[in-house]
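# Would you be able to build a 3D model of this:
(one chain, ligands or ions: 1)
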Amino acid sequence: MIPFVDLKKQYEIYGDELDSRIRQVCSSAAFILGPAVEQFEKNFASYLGVSDAVGVASGTDALRLSCEALGLGPGDEVLVPANTFIATAIGVHQAGAVPVPVDNDPDSYLMDLSAARKHLTGRTRALIPVHLYGRCLDMEAVGKFAAAHGLQVIEDACQAHGARLNGKRAGSFAPLGCFSFYPGKNLGAFGDGGLVATDDPSLAEKLRLLRNYGSTRKYIHELPGGNSRLDSVQAAVLDFKLQHLDEWNSKRFAAACLYSELLQGIGQVRPPVFDRDNPHSHVFHLFVIRCEKRDELLAFLGEKGIQCGIHYPVPLHLQKAFAHLGLGPGSYPVAEEAAGKILSLPMFPEITAEQVRAVAGTIKEFYG
Ligand SMILES: Cc1ncc(COP(=O)(O)O)c(C=O)c1O
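Presented below is the predicted three-dimensional model:
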């Protein structure tokens, strides 16, 4: 049996230290905000090289609060990739704005900026690039595109903790960078959690109000914000795990290199394209191949005890949740074609070379 993600492994290795961090929060009884959250925010901001990090309750909240902090709301359109986890669009929708999907590049699966152009209208106010699967989108190109069209940028780095491009980390390029700490992420909590990174202290201040009933002083409320705080227990877990993030990402990268070598030469399989000489430009939250007879291969791997996933089987515009956008099949041909062919193979830092070989061997066996 080879799991898709093995969350128990990290706890087997680091359980004592993690338990001790959790006990510290419990014995201090500072469960809401307080020192554990402050320490993690400080350390994560310094890891990213930004001035501020604001812990929130989830990645979805990070996206929604970022939209709100930038003043995006009813009547505003926000460009998002058609191929992403639905939360990218949900964050926009919850802020009252309209998510407008953009087709993806056929090789990287990331938002295709040349396709974005045709969705610009007089109401387009912002763009949310997603570093999907752990791969950094070209943020210089994003910056130029946004500047040319007067758009604000929010980075969705929910799958790209620690990814680096030209010396800068994902989530630190745009004025606001959003993270999720869902347990299966490269940096995962023991429950839900999220964060917004920024180099703009006034945006940080706004986010701190929005996440905490519009208040920084007890019972004094400057705006009707909600309750979207990062739990102290989760912050303590994350602060410990942060020390290991780069090492875990290197292990993911090594597994990805091995997968790629072993899958070369199978005509029906296209491994992801990435720069081997530039580790951490892709942190392989997911290792996604494109393959023929995807559903049959998925079933075959399942029968052999190998768990895989599909990220994502239905593009945004074809989800019932966004049917009101009125975008039917054929609107985003690249994303729609990819949805039927992509397959995510088991990937986690502790995956062994033997396990990677077994997965690749089973794929070879399937194609004969
Ligand atoms: C690209 C992307 N955006 C947003 C989210 C939402 O994060 P969360 O599940 O923490 O709300 C996720 C994670 O699930 C994601 O992968």
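
# mind listing the helices for the stretch 51-200 of the chain?
If DSSP state H, counting those that start in this stretch is used as the criterion, the helices of the stretch 51-200 of the chain fall at 59-69, 87-94, 113-116, 139-149.

# could you give the mean pLDDT of the last one?
Regarding helix 139-149, the rounded mean pLDDT is 97.

# List the buried residues for that helix?
139, 142, 145-146 (16 or more other Cβ atoms under 10 Å). No exception for glycine: its C-beta is placed from N, CA and C like everyone else's.

# Now render the residues you listed as TSV, adding distance to Tyr312.
Listed next are these as TSV, based on distance: Cβ to Cβ, whole Å:
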residue	distance to Tyr312
Met139	23
Val142	21
Phe145	24
Ala146	25
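
# The residues you listed: which ones sit near the ligand?
Checked against the ligand using Cβ under 6 Å from any ligand atom, those yield no neighbours at all.

# Just list the residues touching the residue in the chain that the ligand sits nearest to, thanks.
Using Cβ to the nearest ligand atom, the single residue of the chain nearest to the ligand is Gly59, 2.3 Å away. Gly59 makes contacts with 87, 156, 158, 178-182, 194, as judged by Cβ atoms under 8 Å, 6 or more residues apart in numbering.

# what's the closest non-adjacent residue to it?
Ser180 (2.5 Å; Cβ to Cβ, 6 or more residues apart in numbering).

# pretty sure that neighbour contacts Ser58?
Yes. Under the criterion of Cβ atoms under 8 Å, Ser180 makes contact with Ser58 at 6.3 Å.

# where are the low-confidence patches of the stretch 101-250 of the chain?
For the stretch 101-250 of the chain, no stretch is flagged by pLDDT under 70.

# So which residues on it come close to the ligand?
Going by Cβ under 6 Å from any ligand atom, the residues of the stretch 101-250 of the chain near the ligand are 130, 156, 158-159, 180, 182, 192, 194.

# which of those sit farthest apart?
Pairwise distances among these were taken by Cβ to Cβ; the largest, 18.9 Å, belongs to Val130 and Asp192.

# Looking at these two, which is more packed in?
Val130 (27 against 18; other Cβ atoms under 10 Å).

# Next, count neighbours for the residue nearest to the more buried one when sequence neighbours are not counted.
Nearest residue to Val130, sequence neighbours excluded (Cβ to Cβ, 6+ apart): Asp156, at 4.1 Å. Asp156 is flanked by 32 other residues according to other Cβ under 10 Å.

# thought Asp156 was touching Ala89?
No. With contacts defined as Cβ under 8 Å, Asp156 does not count as touching Ala89, sitting 10.2 Å away.

# What segments of the stretch 251-368 of the chain are strands?
Using DSSP state E, counting those that start in this stretch, the strands of the stretch 251-368 of the chain run over residues 269-270, 287-291, 342-345.

# Check which strands are paired with the longest one and give the direction for each one.
Put plainly, it is strand 287-291. strand 269-270 (antiparallel), strand 342-345 (antiparallel) (DSSP bridges).

# residue contacts, Phe181?
59, 187-189, 192-195, 230, 234, 238.

# What of Phe44?
53, 195, 197, 238, 242.

# And the pLDDT at it?
The predicted local confidence for Phe44 is 98.

# when you give positions from now on, start the count at 874
Right, with 874 as the first residue, what we last looked at is Phe917.
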